[in-house]
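Engineer: 3D model of this:
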Amino acid sequence: MIYLDYQATTPLAPEAFAAMEPWLKTGFANPHSAHAAGRAAAAAVEVARDQVAALLPPGGRVIFTSGATEAINLAIMGAGLPVSAAATEHAAVLDCVHARHGQVLAVAEEGALQILPETGRWHAAGVTEGAGDKPPHIAADPLHPALRGPPPHAGEELLAIMLINNEIGTIQPIADLAAAAHAQNKLFLCDAVQAFGRMPIPDGPDMIAISAHKIHGPKGIGALWVRDGVSLTPQMLGGGQEQGMRSGTLSPALCAGFGAAAKLAAERMETDAAHVSALWDRALAAFADWTINGATAERYKGNLNLRREGVDAARLISECRNIAFSAGSACASGSGRPSHVLRAIGLTDAQAKSSIRLGFGRYTTAEEIDIAAEAINRAAEAML
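Structural biologist: Residues are numbered from 1 along each chain as shown. The predicted structure follows:
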């Protein structure tokens, strides 16, 4: 089996497994217990917290959760504010927005966001798109002095935008978007699940959701980073563990695995990025007859989302049984609906249903890219 679904999950790193093993065997004590074994487990949790925090901005705290979905729920529901989100967000964000009767931003609106068709990138009031390789920047506007000041500790609204899109890999100008949100007295939530451990996380957001299993850590643990001064209402009650924000017994093994994966990602970030970039170039050449969905310059190169007219993505996945790839988010798999992300950037239903997502990373080889490309292209040609 050739695994090309790194956006859905990643293989567990041997280093993460090794870090977890002692806490699964002999270090099984409850980290909230006062005895020596409990204190040892609690110390392991704090080591892991520091390892995770090292990849996040300063001036905040890490709250461990069961995953990014819980982290996002804690952020949005716990903030208790009117909420808006980009139409290209993950279902965990969009479902919370709908639950709070919030707004999904899909069109240009004054003081809101506008999507750039075919790229999947967003810009906000006071933010201009750069030309060529120049990044977007905030236009100098004397009416918005908050753009140059610190973020608010409390806001009137909450805005949610992800850093790297899980379906098309587009990298958003998060620092600029957060500054624009702060200028309008909004708090800013960033879903950084696909970015954490793969690129530096920009300062600017007030809350950041992350997950371990997207960086070669274990499933079942994630975290919400919360800027100092931002207050949330707990969404899980029953003991007040985890800084009073998330009741329930923490797993030292999961925390240790998350911490080890984060430490390894920090050490390998440049090496992994270079490897992924080389795989991207190889894959791009192999899929010359396909059209790329989303931006190419401002993009995480471990995500290749492609479409080809006349191809049925669901059938293609079924016929290439020895290759693990997808037609979009694993959370929406099997729904039969076209990707909401691809529809948001202007694709038709037919184009969205002819699109596939190839995700590769640290343990993917060039040979696997070549074999997979040949098989996928052969199956696609048979449909045309």
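
Engineer: report the buried residues of the one helix or strand R315 maps to.
Structural biologist: Using DSSP states H and E, R315 sits within helix 313-319. Of the residues in helix 313-319, 313, 316-317, 319 count as buried by neighbour count, 16 or more other CB atoms under 10 Å. (C-beta placed from N, C-alpha, C; glycine too.)

Engineer: now, among these, which is nearest to G220?
Structural biologist: Nearest to G220 out of the buried residues of helix 313-319 is I317 (CB to CB; 26.3 Å).

Engineer: coming back round to it: make JSON lines out of the buried residues of helix 313-319 and add pLDDT.
Structural biologist: Listed next are the buried residues of helix 313-319 as JSON lines, based on pLDDT from 0 to 100:
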{"residue": "A313", "pLDDT": "95"}
{"residue": "L316", "pLDDT": "97"}
{"residue": "I317", "pLDDT": "96"}
{"residue": "E319", "pLDDT": "96"}
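
Engineer: farthest pair within those residues?
Structural biologist: A313 and E319 (10.9 Å).

Engineer: quick one: neighbours of A43, just the number.
Structural biologist: 12 (other CB atoms under 10 Å).

Engineer: ok so it is a helix residue?
Structural biologist: Yes - A43: assigned to a helix according to DSSP: H, G, I helix; E, B strand; the rest coil.

Engineer: ok, back up a step: CA atoms only for the helix holding R315, dumped as PDB, please.
Structural biologist: C-alpha atoms of helix 313-319 as PDB (Å, rounded to 0.1, in the frame of the first residue of the first chain):
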ATOM      1  CA  ALA A 313     -12.800  10.800  -8.300                       C
ATOM      2  CA  ALA A 314     -14.700   8.200  -6.300                       C
ATOM      3  CA  ARG A 315     -14.400   5.600  -9.000                       C
ATOM      4  CA  LEU A 316     -10.700   6.400  -9.400                       C
ATOM      5  CA  ILE A 317     -10.000   5.800  -5.700                       C
ATOM      6  CA  SER A 318     -11.900   2.500  -5.900                       C
ATOM      7  CA  GLU A 319      -9.900   1.300  -8.900                       C
END
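
Engineer: what strands flank the next helix-or-strand element following it, and is each parallel or antiparallel?
Structural biologist: Sequence-wise, the next helix or strand downstream of helix 313-319 (DSSP H and E) is strand 323-324. With DSSP bridges as the criterion, the sheet partners recorded for strand 323-324 are strand 2-3 (parallel).

Engineer: how about G259, what does it touch?
Structural biologist: 19, 47-52 (CB atoms under 8 Å, 6 or more residues apart in numbering).

Engineer: how about Y363?
Structural biologist: Y363 touches P11, counting by CB under 8 Å, 6+ apart.

Engineer: now it: which helix or strand?
Structural biologist: Going by DSSP H and E, Y363 is not in any helix or strand.

Engineer: would you check how far apart it and E267 are?
Structural biologist: 16 Å (CB to CB, to the nearest Å).

Engineer: which helix or strand lies directly C-terminal to the longest helix along the chain?
Structural biologist: The single longest helix within the chain, with elements called by DSSP state H, is helix 252-286. Counting by DSSP H and E, the element after helix 252-286 in chain order, helix or strand, is strand 291-292.

Engineer: name the helices or strands packed onto that following strand?
Structural biologist: Other elements packing on strand 291-292 under the criterion 3 or more CB pairs under 8 Å, 6 or more residues apart in numbering; DSSP states H and E are strand 303-307.

Engineer: direction included, what does the strand it packs on pair against?
Structural biologist: Counting by DSSP bridges, strand 303-307 is paired with strand 291-292 (antiparallel), strand 355-359 (antiparallel).

Engineer: from those strands, which stretch is densest packed?
Structural biologist: Across these, averaging neighbours per residue (mean count of other CB atoms under 10 Å) puts strand 355-359 on top, at a mean of 26.

Engineer: picking that back up, let me have the buried residues of helix 313-319 in a markdown table, adding distance to G80 as columns.
Structural biologist: Output for the buried residues of helix 313-319, formatted as a markdown table (distance: CB to CB, whole Å):
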| residue | distance to G80 |
| --- | --- |
| A313 | 39 |
| L316 | 44 |
| I317 | 41 |
| E319 | 48 |
